[in-house]
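J.: Model the following, please.
(chains A, B and C)
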Amino acid sequence: MIQNLPWLFLLLPLVVAAIDWVCFSKRPCVAATLSLLSAAATFALCVAYLLGLETGTPGTYTWMPASVEQLNLHLGLVMDPLAMRMMLVVTGIGLLVHLFSLGYMKGDSSNLSRYFAGLSIFMFSMTCIVMASNLVMTFIGWEMVGFSSYLLIGHWFHKDSAADAAKKAFITNRVGDFGFLIGILLTLGIFGTMNFAEMGGKAAGIAPAMLTVTIICLFCGAVGKSAQFPLHVWLPDAMEGPTPVSALIHAATMVAAGVYMLVRLQVSMGTAAFTDTACMVIATVGAITAVLAAIIATQQDDIKRVLAYSTLSQLGYMVMAVGLLAGEAAMFHLYTHAWFKALLFLGAGAIIICCHHEQDIWKMGGLAKRMPLTVLCFLMGTFALIAIPGFSGFFSKEAILDAALAKCPVFFWVGAGVAALTTFYMVRLCIVAFLGRARDHWAEHAKEAGATMLLPLLVLAVMAIISGYGFIADWLVPFEGFHAHGFSVGLPFYVSMGALVIGLFLAVAIYGFGKRGNDPLAGNFISRALRNRLYIDTLYDKVLIGGIQEMFSHVVEFIDAACIRGLLAQGLAWITTRIGILLSWIQNGSLRSYTVAAGLGVVILVYILAFQL
Amino acid sequence: MIPLAHYLILSGILFSIGLAGVLIRKNIVVVFMCLEMMLSAANVALVAFSRAQGTQGIPVYDAQVLSLFITAIAAAEVAIGLALIVAMFRSRRSVESTALNTLKD
Amino acid sequence: MIETSICQIVFYVFALLAILFAICVVGSRNPVNSAMNMALSFGCVAAILFGLGAQFLGIVQIIVYAGAILVLFLFVVMMLDLKDEERNTGSMRSAAVGTTIAAILAGLITSISLSLPGATEISCPMAAICDNIGELAPGAEATQATPTPGYGGSLPALSPAAAAKAVQPDISDAEAAKATSMQDIRLLGQTLYTQYNIAFVILGFALLSGTVGAVALARKIRKD
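T.: Predicted coordinates for the structure are as follows:
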């Protein structure tokens, strides 16, 4: 019952990150241990709070006092079930990823202290988002996760692709954050407060148009952070970072922050604040992302990219659910997805390590025989993702489909289609990578990963199976008043089963148990388009970088040439020269003109003194 | 009696003539003479003031002491100044003030 | 009254002469002529100092200026064998400029002197002309009502009796009243050697250093 104990959630990782970076930058073992300990401590703390062992509510601090009460910037922590159970996901997966990283990063020549400091600072930032009591604090955490994501994506910064991906992620997020910031200010304007606790019930008296604009602006932040269309381009590239980072940040937690933030807003503002138009926009964006990403995923060869697009697609699901005002379904899916997607990524990481950093699934094959335990865990994750009944993903996907059918059937059918595509590309991945014979030297000699990697996989596999069951979900799902739907046989069930069977059948029919060495679907026009990510990245390159940036570079060049160089540098020099020439006429070195000047000065002085001008 | 103002006017006119000489003449020696005239013009004004400020029929001798100092300093100044002129003449073969233009370089 | 008139006539005559000789110093092209005119001008100034009752200063003026300094100037002019200054258009222009500035300064000093409080009280030939200027000068009216004894107006008459009393405090009033001369040198010396003793000594050092400096500057620099 220590009142301010929850501040440890924030301070512990931050302090550890600083210590790692400042004191132990040359001793990665110590740094890693410290980070691991801080993750374990926050996890333990989180469990203690969930079990009710510790019940202190933290005080609120006024960080920047303002003359107007509503402009005061507070630092406060929210300890409601939504936040605490999200914290369980963050700290739990965080702990497992820290553990996994010990094995994954072993023998890596890069600076591991930096890596673990980055992980710790990410834990701090994510906690800041999850437990923020007001939008400003959320925004601080929002930017901090962007920063730590930048650090971790660019961990292998000597690789150009990693450095570029880090920049791309950071800059793309800026676009969304710009909207988010406007949204925060609009919220302050129309609600008169930024504290979540004070927003409730104020939406009634506000013009719907105003609300729509505000919500959409706030949604912009989620679009950036949760990588929704059209700002989704950064997430697949972010796979350049170390795989545990992809698991923690770009699959389980950070990208889910957008969804979490939207749900948090729904909870605190009330669903009344989410006007029909805003909801429509959110749901549509989510649906587009889900479909687009799922389609692109069917033709990716890189194991991490398949998973990345799958993450995009699942995030689209969640955002769609938020748009359908089914916050509880969104959080349920976020929750189950976090476990099984972290499992998939860590599994992929283990596979990649065992294949000596080979990520192309066509160069794997036959792994099921050589590393059965890892593959088994990976399959558990896959089954959860493609929603085989009994696995956690099935329940949460059902919840979303239920909600969609109830609110707007179009989204229901979209969701069903995406489910079929998901099954297709995941089964394709598994068949190609795990079955058949090894198609590469490294794949032939792959061995089971070490204990530090297997342990997290096993824990996550268990979570991927059980986290969807009613009683566990009721307790664990981060949504106040949530009750898992009982397993009901209805239209959603039939449709999703149909989608599962169709996807499974197509994948098996086309890839035939790993007998083939190349993709039979490759080579045609559609495949090329999909492999090039539907040319969206190319379009951005051409239009944004090639067009707008060119234009701005011209503007900047003009400013540089005309204003800085012409007006300031050369202009000043010109003026100085002119004045110098003018004054050098006075300074002519002739004694007599100096005397004349002195005499004139005397006359003027006498005049002034005598007549007291 | 002669009013103070007339002494002052005389002093001022002598001073102005000295100034005019300094400004007009190119020959440094003559310029120097004009400087001496300006100093002695100041002496006239000082002595006149010493009379004017006097009480009980005795002039204020402080002003006259000052005037004496000026005369003494003027003598020293002439000695140094003429030595400078001689040195200048040696190096430049001229005593024209227009020859003193090395400040320009 | 007649004595006063002679005093006045002497002053104005010497003043006029001093100005004329001074103009000749500036105007003459030959440096030797300039030096001679300067000596004459200084002589006139000395006469005016005598008229003011400063006999000692007048003598010093003659000895130092008209004597020593003149000789130095002449010596240098002769030694350097200076030629007449030639005139050209440039010098004409600078002459015009210099004359203008000097004339303005003279005008300023004149107007300031005449605007001194009480300057117009005196019956002098210029008083009527300068009346207006005096009145226009700032502060003139305010102080005219109670004229300061020190400024403007006639110079106060000298009192030999007071001077004698100042020199010899134990002298009786009757004997003091018999004194006819001012004992100017004694009074000046008293001030100089008591109140300004230290300054006087420092002045001696200044003269000494001036002499040394002059010798150092004027000696031939050996080439070795």
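J.: Which single residue of chain B ends up nearest chain C?
T.: B:Gly57 (2.4 Å; Cβ to the nearest Cβ). Heads up, the C-betas are built off the backbone N, CA and C, glycines and all.
J.: shouldn't that residue be in contact with C:Ala164?
T.: No: assessed by Cβ atoms under 8 Å, B:Gly57 is found out of contact with C:Ala164, at 10.5 Å.
J.: What about the closest residue to chain B within the stretch 1-150 of chain A, how many residues nearby?
T.: Closest to chain B within the stretch 1-150 of chain A is A:Val22: 59.9 Å, counting by Cβ to the nearest Cβ. A:Val22 has 10 neighbours, counted by other Cβ atoms under 10 Å in any protein chain shown.
J.: Which parts of chain C are strands?
T.: Here chain C has no strands by DSSP state E.
J.: Pick out the residue nearest the middle of it.
T.: C:Val45 (5.6 Å; Cα atoms, centre = their mean).
J.: gap between that residue and B:Phe15?
T.: Taking Cβ to Cβ, to the nearest Å as the measure, C:Val45 falls 12 Å from B:Phe15.
J.: Mind jotting down where the helices sit in the stretch 451-600 of chain A?
T.: Secondary structure of the stretch 451-600 of chain A (DSSP state H, counting those that start in this stretch): helices located at A:451-466, A:470-476, A:491-511, A:525-531, A:536-540, A:549-558, A:571-586, A:591-611.
J.: Out of those, which is closest to chain B?
T.: Of all the helices of the stretch 451-600 of chain A, helix A:591-611 comes closest under Cβ to the nearest Cβ, at 4.6 Å.
J.: quick one: the closest one to chain centroid distance?
T.: On the basis of Cα atoms, centre = their mean, to the nearest Å, helix A:591-611 sits 77 Å off its chain's mean C-alpha point.
J.: relative orientation of that helix and helix A:571-586 in degrees?
T.: Angle of helix A:591-611 versus helix A:571-586, following axes from the mean of the first three to the mean of the last three Cα atoms, to 10 degrees, is 90 degrees.
J.: And the helices in chain B?
T.: For chain B, applying DSSP state H gives helices covering B:4-24, B:28-52, B:61-92.
J.: that older thread, what's the residue of the stretch 1-150 of chain A closest to chain B sitting at in phi/psi?
T.: Main-chain torsions, A:Val22, degrees, to the nearest 10: phi -80, psi -50.
J.: So between B:Gly57 and C:Ala164, which is more surrounded?
T.: Between B:Gly57 and C:Ala164, C:Ala164 has the larger neighbour count (other Cβ under 10 Å), namely 21 against 16.
J.: Could I get the contacting residues of that one?
T.: Going by Cβ atoms under 8 Å, 6 or more residues apart in numbering or on different chains, C:Ala164 touches C:Ile171, C:Glu175, C:Ala176, C:Ala179, C:Gln183.
J.: when you check chain B, which of these turn up near it?
T.: The subset of the contacts of C:Ala164 within reach of chain B, counting by Cβ under 8 Å from any Cβ of the partner chain, is empty.
J.: how about these in JSON lines, adding pLDDT and neighbour count?
T.: As requested, the contacts of C:Ala164 are exported to JSON lines (pLDDT from 0 to 100; neighbours: other Cβ atoms under 10 Å in any protein chain shown):
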{"residue": "C:Ile171", "pLDDT": "73", "neighbour count": "16"}
{"residue": "C:Glu175", "pLDDT": "71", "neighbour count": "12"}
{"residue": "C:Ala176", "pLDDT": "70", "neighbour count": "18"}
{"residue": "C:Ala179", "pLDDT": "69", "neighbour count": "18"}
{"residue": "C:Gln183", "pLDDT": "76", "neighbour count": "17"}
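J.: Tell me which two of these sit farthest apart.
T.: C:Glu175 and C:Gln183 (13.4 Å; Cβ to Cβ).
J.: which regions of the stretch 401-550 of chain A sit below the pLDDT cut-off?
T.: Residue ranges of the stretch 401-550 of chain A with pLDDT under 70: A:470-489, A:513-517.
J.: Can you give me the pLDDT of the residue nearest to the centre of chain C?
T.: On pLDDT, C:Val45 comes in at 93.
J.: My guess is it contacts C:Leu17. True?
T.: No: using Cβ under 8 Å, C:Val45 is not in contact with C:Leu17, being 9.6 Å away.
J.: in chain B, which residue is closest to the centre?
T.: B:Leu39 (2.4 Å).
J.: Could you measure from it over to A:His441?
T.: Taking Cβ to Cβ, one finds B:Leu39 at 109 Å from A:His441.
J.: Likewise for C:Val45?
T.: 119 Å.
J.: Same check on C:Val167?
T.: 130 Å.
J.: Quick check on the one residue sitting closest to the centre of chain A: phi, psi?
T.: Nearest to the mean C-alpha position of chain A, by Cα atoms, centre = their mean, lies A:Val255 at 3.2 Å. When read as degrees, to the nearest 10, the backbone of A:Val255 gives phi -70, psi -20.
J.: In a strand, A:Gly59, correct?
T.: No: under DSSP: H, G, I helix; E, B strand; the rest coil, A:Gly59 falls outside any strand and is assigned coil.
J.: Where do the strands of the stretch 51-200 of chain A begin and end?
T.: Secondary structure of the stretch 51-200 of chain A (DSSP state E, counting those that start in this stretch): strands at A:61-64, A:73-75.
J.: A:Ile153 against A:Thr243, yeah?
T.: No: with contact defined as Cβ under 8 Å, A:Ile153 does not count as touching A:Thr243 (11.8 Å).
J.: For stretch A:424-444, buried residues please.
T.: A:424-436, A:438-440, A:443 (16 or more other Cβ atoms under 10 Å in any protein chain shown).
J.: Take the residues you listed and keep only those in helices.
T.: A:Phe424, A:Tyr425, A:Met426, A:Val427, A:Arg428, A:Leu429, A:Cys430, A:Ile431, A:Val432, A:Ala433, A:Phe434, A:Ala443.
J.: Please identify the most buried of the helices of the stretch 451-600 of chain A.
T.: helix A:451-466 (a mean of 21; mean count of other Cβ atoms under 10 Å in any protein chain shown).
J.: and chain C, which residues reach chain A?
T.: So far as Cβ under 8 Å from any Cβ goes, chain C lies against chain A at C:Ser94, C:Val97, C:Gly98, C:Ile101, C:Ala102, C:Ile104, C:Leu105, C:Leu108, C:Ile109, C:Ile112, C:Pro138.
J.: State the number of residues packed around the closest residue to A:Pro492 other than its chain neighbours.
T.: Of all residues not flanking A:Pro492 in the chain, A:Leu401 sits nearest, at 4.2 Å (Cβ to Cβ, 6 or more residues apart in numbering or on different chains). Counted with other Cβ under 10 Å, the neighbours of A:Leu401 add up to 27.
J.: Please look at A:Leu401 and A:Ser496 and confirm they touch.
T.: Yes: using Cβ under 8 Å, A:Leu401 is in contact with A:Ser496, at 6.2 Å.
J.: all helices of chain C, in order?
T.: In chain C, the helices defined using DSSP H lie at C:2-27, C:31-51, C:55-60, C:70-80, C:89-115, C:127-136, C:140-144, C:160-167, C:173-178, C:184-194, C:197-218.
J.: same for the second one, what does it pack against?
T.: In this structure, helix C:31-51 makes packing contacts with helix B:4-24, helix B:28-52, helix C:2-27, helix C:55-60, helix C:70-80, judged by 3 or more Cβ pairs under 8 Å, 6 or more residues apart in numbering or on different chains; DSSP states H and E.
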